[in-house]
Each structure stands twice: as C-alpha cells, then as structure tokens.
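Asks: have a look; sequence and predicted model below, questions after that.
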Amino acid sequence: MSTERPIQVIAFFLPQMHPVPENDAWWGEGFTEWTKVASAQPLGPTHYQPHLPGALGFYDLRVPEVRERQAALARRHGIDGFMYYHYWFGGHRLIDRTVDEIRVSGRPDLPFCLCWANENWTRAWDAGQKSILMEQRYDAEERAAHVEWLAETFADPRYIHVDGRPLFAVYRPQVLEEMSDFVEQLRNAARARGVADPYLVKFDTHGNFDPPQTYGFDAAAQFLPHGVSEWVPFAPTPPGWQPNHLYMNYEDVVNRFIDHVQPPWTRHECVMPSWDNTPRRRSQGALVMLGSSPDRYERWLRAVYERAPERGGVVFINAWNEWAEGAHLEPDQMWGDANLRATARVVLGAEPSDAPDDGDPPHPLAEAAQGRYEELYLDVYDRYVRARRRLTSFDEVVRREVDRRCENLSKELREERARVEQLSAQLKRLLSHRPSQVEIG
C-alpha cells in the first residue's frame, strides 16, 4: 500500500480492550486491560497513577464506532497505521475479535499490519512467571495453518507495505523453533496467493540484538523499552517512593536514543511517549520513566522522524493504547491530547485545526469526496457531540428555570395560604365578639 509520505509512522495497538472467555476463566469475569489500569496506585508522592482515559473513555473494542474514532484520531494526527498484536498459539488464537472484524467488515479504512506476539501466555501480571496459561506450539501442521492465515491477511488492500512488500513483525524470533522453515513457508504461502514477498521485521527484545539476517528476516526494529537499560543507567528511587521498583529518567532516555548509532543493517527506530507498567507489576519490578512529557516526546520523535529515510523509512511508536504500561497516544486525564498534537506537529507540520466550541463547523460533505471516511466520521461525530452538549445545556437551563419558577410559585402559594389563614382567624375573632342581638317586642 502506498502512502502520501515516504515515511510511515506506525503505532503499536493492543487489542485486549474487551472481555474474552479465556481471561474470564484466568482472571475473573469481565477482566480486561482496564481492570488493571483503573485499580493502579501511585508508588510515591507526585507519581502519576492511575492513568485514566480522556476523550475516548473506558472503551470496548467490540464496538465498531470506537474503532472508527480511533482510526480517525490517528489519521488526523499523522499516524499512518496500527500494528496489531497477533496471538497464535498453535492454531488457537486469543484476543482475535478486533482484527477479525476489521478484516471482514473492511472498516475502519486505516492501514494496518501485524506483530506476532509469539511467547507463552503466563501469569506474569501476578508474578507467576512459571505458570503457563497458553503455550506456544510450532509443529509443522500448525505452522502451515498459520502461514496460510497470514498470507490471506496480507492480501487485504489496507495492509501496510514497505517497498511494495507486506510488513510482518515477530516479537521474539529467537524462541521460534525451525525458524528457517517458518520463513520459507510464509514466503511460499504469500506467493501462492499472488502476494508480494513479505517484509519481515525482527524486534530487538529480551536482550537479542542479532542481525535480522540471522533469522532470515529483512530488517530489525527497536521495541523500547527493551534494550534501554543497556544504554541508560537507572535513577535512584525518588524520596518517599517504593524501593522495590526500577526508575529511569525519561529525558536521559530521549537524549541517549536521539544519539543512538545505527548498526550496519536496517533497524527501524521506536519512540514512546512515556512508560510506567506499575499496573502490571504492583508489588515489585515495575519500570517507571520519570519526567515524561509531550514536549520531550516531541523532541525525540522529531529527531527520529527526520532521519527515518536513511533508517528504513518506518517509525514505530510504542504505543497507541498500552494503558497498563503507561504508553499511550490516546488522550488521558493528565495531558489530554497533547501527545497526539505533538505527533501531528512533527509528522504533518502543524496541529489539526479544531472546529469552534459553539456553532456548526463548515459542512463536511464537500470535502468528503476527496477525503477519507474516518475524517468525515470524526467530523460528524464531533458535530454530534457538540449538538448533544448544546441540547443538554439547553435542557439544563430549561430545567433550572422551571425549578426556579416552581419554587417561586410554591413560595407565593405558601404566602397566600398564610394570608388566607390569617384572614380566616381574624374573621373567627370578629364573629366571636359580635354584639348580642336584642329582640324588640
């Protein structure tokens, strides 16, 4: 898929924002990412936790309107597409509804690609690292089914391409058994469907910084904060904060990775607006980036974006919605949409214009013929929200006026009743004191 700009900005997207039977069984009915997010507690004074959503609220990804608005926000602020995490456990897929509905419905019309999160599903969130809930399996039959499914997905007209080739990433290639077989089968499956040879990206995770060619891949990519501790020292525990966690100055990370040296192979760079996985590591082992802010994120993104053409033409952002890791471009209650606006300033050269708070913006249909559906959707949705706010405000004014008038009428009624009772009492007194009638004979 071609893009209007030579650089593609792709945000990681976590699809775990709705209940699934497996999580109901493992963690309790109704469990989602929001469960951890909303219950997080600060580790010390001035610690920003919990991270609570702003404009989008505690959304449910099963709702198509949510996905449309996310896509519209992303496009409006310079995000070219989402990289959805893809969970394949030997034929059993988890958290698959979002991607499946996007594929089947054709909506939203925002480019996307996949990252195979190829590690065992464990109880890492409650420190049960050795308790495996869903195990990765890589036998030949399951691998064949997997590559066929992937090749079919690559054929989607919205699928993101690099140099004309569908982009597919693997989170942890070093644990894949018979990697060469997987790569060969995947390329063969794509060719059989008439799809271009996949552009395979190896993420640098869990201490593995090997060249991508080691695994038969085309490029590597950063997956920060993986590897950050190799280059940036940890900070002392802030006074009054819990000591059993790891702390790092965000600005130190920004400065170090702005100056990061590119290896002799293609490695796409990654930036993150912040990082704080306290919700997932409540008792110990959380990594908290201290002092993150939209302006520091913007400075980092700008440096990476400007040199992206010489480093593979792709910039990854971690992430669009990793709320339990404190890494999200989506608006929150601390910064609002400041990170999105920072992204737009770097990628688009300016912030998107906002419609006025009152009054209708220009009618969008004239621009819709040349624009994208998501832009029209977001525009109409914003018009709808403003109209509902005005209606609600009007209802409130009317209700208050009615209440005021009813109160005044009630007061007048009470006063009139008091006057009637007073006059009635006077009348009774007059009647009781009237002169006796004298009978005249």
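Replies: That came in fine, so what should we check first? Everything numeric here is computed off the predicted structure, so don't read it as measured data.
Asks: what's around the nearest residue to Pro111 once chain neighbours are set aside, how many residues?
Replies: Among residues not flanking Pro111 along the chain, Gly81 sits closest, at 3.4 Å (Cβ to Cβ, 6 or more residues apart in numbering). Any C-beta I mention is one placed from the backbone N, CA and C, and that applies to glycine too. Gly81 has 23 neighbours, counted by other Cβ atoms under 10 Å.
Asks: quick check: Gly81 vs Ala344, distance?
Replies: Distance, Gly81 to Ala344, by Cβ to Cβ, to the nearest Å: 16 Å.
Asks: domain ranges for the chain?
Replies: 8-352, 358-433 (automatic domain parsing).
Asks: in contact with His51, which residues?
Replies: His51 sits next to Val37, Ala40, Asp276, Pro279, Trp323, Gly326, His328, Asp332, Met334 when contact means Cβ atoms under 8 Å, 6 or more residues apart in numbering.
Asks: that one in helix, strand or coil?
Replies: coil (DSSP: H, G, I helix; E, B strand; the rest coil).
Asks: likewise Tyr87?
Replies: strand.
Asks: give me phi/psi at the closest residue to it other than its chain neighbours?
Replies: Distance criterion Cβ to Cβ, 6+ apart; nearest residue to Tyr87, sequence neighbours excluded, is Leu94 at 4.1 Å. Backbone torsions for Leu94, taken as degrees, to the nearest 10, come to phi -120, psi 150.
Asks: list the buried ones in stretch 54-64?
Replies: Buried residues in stretch 54-64, counted by 16 or more other Cβ atoms under 10 Å: Tyr59, Leu61.
Asks: any idea how far apart the tips of it sit?
Replies: Terminal residues of stretch 54-64 are spaced 19 Å apart (Cα to Cα, to the nearest Å).
Asks: residues touching it, excluding its own?
Replies: 15, 17-18, 32, 34, 38, 53, 66-67, 69-70, 73, 97-98, 101, 105, 107, 330-333, 336-337.
Asks: out of those, list just those in helices.
Replies: Judged by DSSP state H, helices contain the following of those: Trp34, Ala38, Val66, Arg67, Arg69, Gln70, Leu73, Arg97, Thr98, Glu101, Ser105.
Asks: farthest-apart pair in these, please.
Replies: For these, the maximum inter-member distance is 29.2 Å, found between Ala38 and Ser105 (Cβ to Cβ).
Asks: between those two, which one's more packed in?
Replies: Between Ala38 and Ser105, Ala38 has the larger neighbour count (other Cβ under 10 Å), namely 16 against 10.
Asks: list the contacts of the nearest residue to that one once chain neighbours are set aside.
Replies: Nearest residue to Ala38, sequence neighbours excluded (Cβ to Cβ, 6+ apart): Pro50, at 5.9 Å. By Cβ under 8 Å, 6+ apart, Pro50 lies in contact with Val37, Ala38, Ser39, Ala40, Gln41, Pro279.
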